[in-house]
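Undergrad: no FASTA, just this:
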């Protein structure tokens, strides 16, 4: 009988002490109700969560009248309103900034590679143009030299050529030129139309 009484005594008086010694934590994800009136009176207008930006319109003991970003106004407990952003929101914003920076860095690297490739192409084109220019200048100088030699030859031997021979040679060269031009045009037309003449 005494043992039963002692066990009942321990259960009734010591259990609340054990329960009070339990450790609990407040979650970072907090949800608050927004009421029409202070002291949690009236209809629940909206539920707000951690990280929501709020504008304080009025304060009363333990309560504050706030305005949300969508224009909703109401009363909620002021103890859970802090001037600083919660750590969870700060971390989320930093992660978003890091993602954005990574994308910007990747785009910058890609643009830089493209610019370097284009610069190499332009450099090759420039070298090729310079080489072509030198080659064309050399050919031009050669043609000028040949032309000067022809002029000198004409001055030397032109007077000794009879007029009729000169005119006949000129007519022959003109005929050959016209025939060659017609043959070239005919060849291009047949090549374009698979060997057939469209005329």
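TA: Nice, I can see it. Because the structure is predicted, anything quoted here is derived from the model rather than measured.

Undergrad: contact partners for residue 37?
TA: Shown in contact with residue 37 (C-beta atoms under 8 Å, 6 or more residues apart in numbering): residue 75. Any C-beta I mention is one placed from the backbone N, CA and C, and that applies to glycine too.

Undergrad: who is it paired with across the strands?
TA: residue 41 (DSSP bridges).

Undergrad: could you do residue 58 as well?
TA: Where residue 58 sits in a bridge, its partners, by DSSP bridges, are residue 65.

Undergrad: okay, now it: neighbour count?
TA: Neighbour count for residue 58, taken as other C-beta atoms under 10 Å: 11.

Undergrad: verify the stated contact: it with residue 73.
TA: No: between residue 58 and residue 73 there is no contact under C-beta atoms under 8 Å: 9.6 Å.

Undergrad: can you pull out the strands in the protein?
TA: 31-37, 41-49, 55-60, 63-67, 73-77 (DSSP state E).

Undergrad: and for residue 58 and residue 73, which residues touch both?
TA: Counting by C-beta under 8 Å, 6+ apart, the common neighbours of residue 58 and residue 73 are residue 65.

Undergrad: so where is the chain shaky, pLDDT-wise?
TA: 1-29, 150, 153-166, 193-199 (pLDDT under 70).

Undergrad: remind me, longest helix of it?
TA: As assigned by DSSP state H, the longest helix anywhere in the chain is helix 87-157.

Undergrad: distance of the residue most central in space within the chain from residue 101?
TA: The centroid of the chain falls nearest to residue 107 when counting by C-alpha atoms, centre = their mean (5.3 Å). Distance, residue 107 to residue 101, by C-beta to C-beta, to the nearest Å: 11 Å.

Undergrad: may I see the strands of the chain organised as TSV, with distance to residue 137 added?
TA: Shown next, in TSV, are those (distance: least, C-beta to C-beta, whole Å):
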stretch	distance to residue 137
strand 31-37	83
strand 41-49	78
strand 55-60	77
strand 63-67	80
strand 73-77	84
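
Undergrad: out of those, flag the one nearest residue 140.
TA: strand 55-60 (80.6 Å; C-beta to C-beta).

Undergrad: helices and strands around that closest one, which ones?
TA: Counting by 3 or more C-beta pairs under 8 Å, 6 or more residues apart in numbering; DSSP states H and E, the packing neighbours recorded for strand 55-60 are strand 63-67.

Undergrad: and the strand it packs on, what does it pack onto?
TA: By 3+ C-beta pairs under 8 Å, 6+ apart, strand 63-67 packs against strand 55-60, strand 73-77.

Undergrad: most tightly surrounded among those strands?
TA: Looking across the helices and strands packed on strand 63-67 with neighbours counted as mean count of other C-beta atoms under 10 Å, the highest average goes to strand 73-77: a mean of 19.

Undergrad: quick check: angle from that one to strand 41-49?
TA: Interaxial angle of strand 73-77 relative to strand 41-49 (axes from the mean of the first three to the mean of the last three C-alpha atoms, to 10 degrees): 80 degrees.
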